[in-house]
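A.B. asks: sequence and computational prediction follow.
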There are 2 protein chains.
Amino acid sequence: MALEHAILVSLLEQPGSGYELARRFERSIGYFWTATHQQIYRVLKRMEGDGLLRVREVAQQGRPDKKEYEVAAPGRAALSQWLHEPVEPESIRHELAVKIRGAAFDDPAALISEVERHREAHRARLAHYLSGEQRDFTGPGAPQPPGIRQELQHVVLRGGVAYERMTIAWLDDVLATLHRLGAAPPGA
Amino acid sequence: MALEHAILVSLLEQPGSGYELARRFERSIGYFWTATHQQIYRVLKRMEGDGLLRVREVAQQGRPDKKEYEVAAPGRAALSQWLHEPVEPESIRHELAVKIRGAAFDDPAALISEVERHREAHRARLAHYLSGEQRDFTGPGAPQPPGIRQELQHVVLRGGVAYERMTIAWLDDVLATLHRLGAAPPGA
DNA sequence: TCCTTGTGTGCAACTCGTTGCATAGGCAAG
DNA sequence: CTTGCCTATGCAACGAGTTGCACACAAGGA
């Protein structure tokens, strides 16, 4: 059900079409909740049917028409209700960790390039977060003083930054461990 | 498909029944991959049908019989193949982050108790990891010198510890932010 | 001219994952 | 002796999420 809520939040921040939402889910909101355009279109249709959203056909020039969605009163109420009920702390799912444990039954050194690839992806994401932070929150163009919305978006972004930094440090630890094991004789 | 691989790793570490696997997915492997017993039983059946696992009926006294699974040669090969192909870096899914951004459209202060609850859950998980680390890796009962399997399990556990520490620090940041906003006048 | 890229929406089929329920025996506490 | 918990396996139904494909039009480059 969380996709619904992520869509409500995103549409409250800014009304938009399914396509636009899909692109937001590649950045911004997508940093901590992912969805494909298929899923988004399907859920938007259902939410509209449930009266959570209003839709408006918008003609555009040089582009196909779009359906712009915005949050209706029941949608706002649904979000508010969800905010007041507890959600369970996340259960992490980390494929790479499974691989690392699995490497004990194969060749640990073969994982090195894979881990380096992940490290590079996280480094790039961190750089991306930091430039976004500069642009939207700490740079000269940022709203002064920041509103509640900016404050909350910023603290979420700081979480992303902390996550990436922690992950990069851990991947360095993993690489050091794999190199150490590569130097030692293999065996189960 | 990652559940299959997590099961292969877990059964290589120690053969066992669906029930036993389900319990491992509540600790150990479950720290970075979750699954319910339903899913596990279904996947075990499929994997056995695909020849990845061998099954053996084991009679027990005072308890129902169980089916003990162990990895067959094709299962080992499937794991090895997976280890050699790249997986995409994780897309995080963090419901609490969605809530925090959503709080801008409701009452931010109402989230405080929820965030505190999460903080407590992460604190408990960290304590649990640390005691497990002491028991299995850094304490006096740990194997000396550690084998490859221990080294890799340990580095994964260190990742869990780093994750929990980072998360607790971030939740403190979130709490400070929410308190600061609570002192200021509300408004969208 | 054709091919690719981008905007915009959507169906169909599938796998993954969750929830509720069912069965069945043993064991322990009230 | 009944209630509840633990071990142990499983079905059925649903919801969440992915993948592949399709259509339609516009713009730009080869």
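C.D. replies: Cool, got the structure. Given the structure is predicted, the values throughout are model-derived calculations rather than measurements. Residues are numbered from 1 along each chain as shown, chains lettered A, B, ... in the order given.
A.B. asks: what about residue A:4, how many residues nearby?
C.D. replies: As a burial measure, residue A:4 scores 19 neighbours (other CB atoms under 10 Å in any protein chain shown). Just so you know, the C-beta spots here come from the backbone N, C-alpha and C atoms, and that holds for glycine as well.
A.B. asks: I'd assumed residue A:45 was in contact with it.
C.D. replies: No - Residue A:4 is beyond contact range of residue A:45, at 12.0 Å (criterion: CB atoms under 8 Å).
A.B. asks: ok, now which ones touch residue A:53?
C.D. replies: Counting by CB atoms under 8 Å, 6 or more residues apart in numbering or on different chains, residue A:53 makes contact with A:11, A:44, A:47, A:69, A:70, A:71, A:72, A:75.
A.B. asks: need the max-distance pair from these.
C.D. replies: Distance extremes for the contacts of residue A:53: the farthest pair is A:44 and A:72 at 12.6 Å, using CB to CB.
A.B. asks: got a markdown table for the contacts of residue A:53, with secondary structure, distance to residue A:164 and pLDDT too?
C.D. replies: Putting these into a markdown table (DSSP: H, G, I helix; E, B strand; the rest coil; distance: CB to CB, whole Å; pLDDT from 0 to 100) gives the following:
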| residue | secondary structure | distance to residue A:164 | pLDDT |
| --- | --- | --- | --- |
| A:11 | helix | 27 | 96 |
| A:44 | helix | 30 | 95 |
| A:47 | helix | 32 | 94 |
| A:69 | strand | 31 | 96 |
| A:70 | strand | 33 | 96 |
| A:71 | strand | 31 | 96 |
| A:72 | coil | 36 | 95 |
| A:75 | helix | 32 | 94 |
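A.B. asks: in space, what's closest to residue A:65 - neighbours in sequence excluded?
C.D. replies: residue A:59 (5.3 Å; CB to CB, 6 or more residues apart in numbering or on different chains).
A.B. asks: now the residue nearest the centre of chain A. Nearest residue, chain neighbours left out?
C.D. replies: The centre of chain A sits closest to residue A:31, judged by CA atoms, centre = their mean, with a distance of 1.9 Å. Using CB to CB, 6+ apart and skipping the chain neighbours, the partner closest in space to residue A:31 is residue A:160 (5.3 Å).
A.B. asks: what's near enough to touch that neighbour?
C.D. replies: Taking CB under 8 Å, 6+ apart, one finds A:31, A:32, A:125, A:129 in contact with residue A:160.
A.B. asks: from those, which single one is nearest residue A:176?
C.D. replies: Checking these against residue A:176 by CB to CB gives residue A:125 as the nearest, at 21.6 Å.
A.B. asks: shouldn't residue A:8 be in contact with residue A:80?
C.D. replies: No - the pair residue A:8 / residue A:80 is not scored as a contact, 9.7 Å apart, by CB under 8 Å.
A.B. asks: give me the more crowded residue out of these two.
C.D. replies: residue A:8 (23 against 16).
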